[in-house]
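**Student:** Give me coordinates for this.
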Amino acid sequence: MLDIKSYEDMAMLKLNSGEREMLSEHAERLLESFSALEHIDTTGAVPLVSVLSMSNVLREDVAEKRFTRDEILANAPEKYDGYFRVPGTLT
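**Tutor:** Numbers count the residues shown, from 1 in each chain. This next block holds a predicted model:
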């Protein structure tokens, strides 16, 4: 059986012996499942990044100045010295 005490300590959990045993059994089954993957021959397999055939559909990242400061601040409920004025978050 897998000893999960170190994982319990890392996650700062307090488990009773029944919970430890149950998690240990689940972890053992997971490790067995993953160990089966080690025997699969992946020679020549192409890594799959996406199942979609789309390539990068994002626009080019170009900085543009679209609005003036005055236009941006026009709808601000409060402003001070050319900046948005917001309630303080630190007391």
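**Student:** Dump the C-alpha coordinates for the worst-scoring helix or strand of the chain on mean pLDDT into CSV.
**Tutor:** Among the helices and strands of the chain, helix 5-10 carries the lowest confidence by mean pLDDT, DSSP states H and E, at a mean of 87. Listed in CSV are the C-alpha atoms of helix 5-10, where the atom choice follows Å, rounded to 0.1, in the frame of the first residue of the first chain:
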residue,chain,number,x,y,z
LYS,A,5,1.5,10.5,5.0
SER,A,6,4.0,12.9,3.2
TYR,A,7,1.2,14.1,0.9
GLU,A,8,-1.1,14.6,3.8
ASP,A,9,1.6,16.7,5.5
MET,A,10,2.2,18.8,2.3
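**Student:** So which bits of the very next helix or strand once past it are buried?
**Tutor:** Sequence order places helix 17-37 as the next helix or strand after helix 5-10, per DSSP states H and E. Using 16 or more other CB atoms under 10 Å as the test for burial, helix 17-37 gives 20, 23, 24. Where you see a C-beta, it was placed from the backbone N, CA and C, and this is true even at glycine.
**Student:** Need the pLDDT of the first one.
**Tutor:** Residue 20 is assigned a pLDDT of 90 by the prediction.
**Student:** nearest residue to residue 84 other than its sequence neighbours?
**Tutor:** Nearest residue to residue 84, sequence neighbours excluded (CB to CB, 6 or more residues apart in numbering): residue 76, at 5.3 Å.
**Student:** how much space between the one you found and residue 86?
**Tutor:** Residue 76 sits 9 Å away from residue 86 when distances are taken as CB to CB, to the nearest Å.
**Student:** what is in contact with these two at once?
**Tutor:** Listed as contacting both residue 76 and residue 86 by CB atoms under 8 Å, 6 or more residues apart in numbering is no residue at all.
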